[in-house]
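In: Kindly generate the corresponding structure for this input.
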Amino acid sequence: MSPNTICSNLRSLQDAIAQAAEDWTVAICSPNNELIAMGSVFLPSCHLATQSIAELLARVPPDLEQLLVICDDDLADGGALELMHQLHHHLPKATCRFLAYLPQTTAPERLAALHSAGLDALCSKRSGGSGTVLRALIQALHGQQTVDAHFRAPLQQARSRALTPRSGHSQEADLSSRERELIQLLGRGHNATQIAALQQKRRDTIRRQLSLLYRKTGVSDQRGLIAWSIAQGLIRPLDLVAAAPPAASEPGFPAADGNRRRN
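Out: Reported below is the predicted structural model:
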């Protein structure tokens, strides 16, 4: 394909995005200046460029109705899953769509976790410059979930492994968005008391939710839940670097079988 043909195709895609994004706020959330620069060149409709979740939340208008976020999974304050959870909480009435631009080496379990959480487009950096990402943006704006061709095989492999029984249990658990958020907070070093304060709930409520998670995932304590979540791609190892190692259980916290630990 000649350079002129490539430029013509990209211009056509840019025009299609401009039309599809007419009533949308488009934002980039990434510490990667290359992604921000690429978005600025190819997305004239991009209104925000931020380098962290906290910065995006601070700059997004609270009365926003439609938001499309282009991100990666390298955010220091939580990654793409945390970004999705926090934006949905911050803008409960808005329609939010998410496109993640990820390296081809992204773990299959992480791809599966992002896809299951409702991420609208999984795009590989290997496809950069081909128009694939711009097409995925258009589909996301129209409410269609897409997966880059480079990610389809690893994603299917992760799903197959997740459904393979191990020791009489399925590795895959049917987790709600609330449970996924709880796992994210645990991974970032928060205990049940702190999570209760953050979510404005009773500590006993958080404890009950954790006990249910133990039963669902076949683990017996918080350490087991963290290990299971990393294996499933729900938590990035990066998130654990700054977090203190979780205790097996808080004092008096009921384990999965409902019995209290002995001190």
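
In: Excluding covalently adjacent residues, which one is nearest to Q232?
Out: Excluding its sequence neighbours, the residue lying closest to Q232 (Cβ to Cβ, 6 or more residues apart in numbering) is E109, at 5.5 Å. (Each C-beta comes from the backbone N, C-alpha and C, glycine too.)

In: Pull out the C-alpha coordinates of the one helix or strand the one you found maps to and format them as PDB.
Out: In the assignment (DSSP states H and E), E109 maps to helix 108-116. The C-alpha coordinates for helix 108-116 follow below in PDB (Å, rounded to 0.1, in the frame of the first residue of the first chain):
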ATOM      1  CA  PRO A 108      -3.900 -13.200  28.500                       C
ATOM      2  CA  GLU A 109      -5.500 -13.200  31.900                       C
ATOM      3  CA  ARG A 110      -5.300  -9.500  32.000                       C
ATOM      4  CA  LEU A 111      -6.900  -9.200  28.600                       C
ATOM      5  CA  ALA A 112      -9.700 -11.500  29.800                       C
ATOM      6  CA  ALA A 113     -10.200  -9.400  32.900                       C
ATOM      7  CA  LEU A 114     -10.400  -6.200  31.000                       C
ATOM      8  CA  HIS A 115     -12.800  -7.700  28.400                       C
ATOM      9  CA  SER A 116     -15.000  -9.200  31.100                       C
END
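
In: Show me what it is packed against.
Out: helix 79-90, strand 121-124, helix 149-162 (3 or more Cβ pairs under 8 Å, 6 or more residues apart in numbering; DSSP states H and E).

In: Run the angle between that helix and helix 149-162 for me.
Out: Interaxial angle, helix 108-116 versus helix 149-162 (axes from the mean of the first three to the mean of the last three Cα atoms, to 10 degrees): 100 degrees.

In: if we can go back for a sec, can you get me a residue count around the residue nearest to Q232?
Out: Using other Cβ atoms under 10 Å, E109 has 22 other residues around it.

In: With H150 instead?
Out: Count around H150 with other Cβ under 10 Å applied: 17.

In: Nearest residue to it in space, please, no chain neighbours.
Out: Here the residue nearest H150, using Cβ to Cβ, 6+ apart, is S124, at 4.0 Å.

In: now do R126
Out: Nearest to R126 is Q104, by Cβ to Cβ, 6+ apart, at 4.8 Å.
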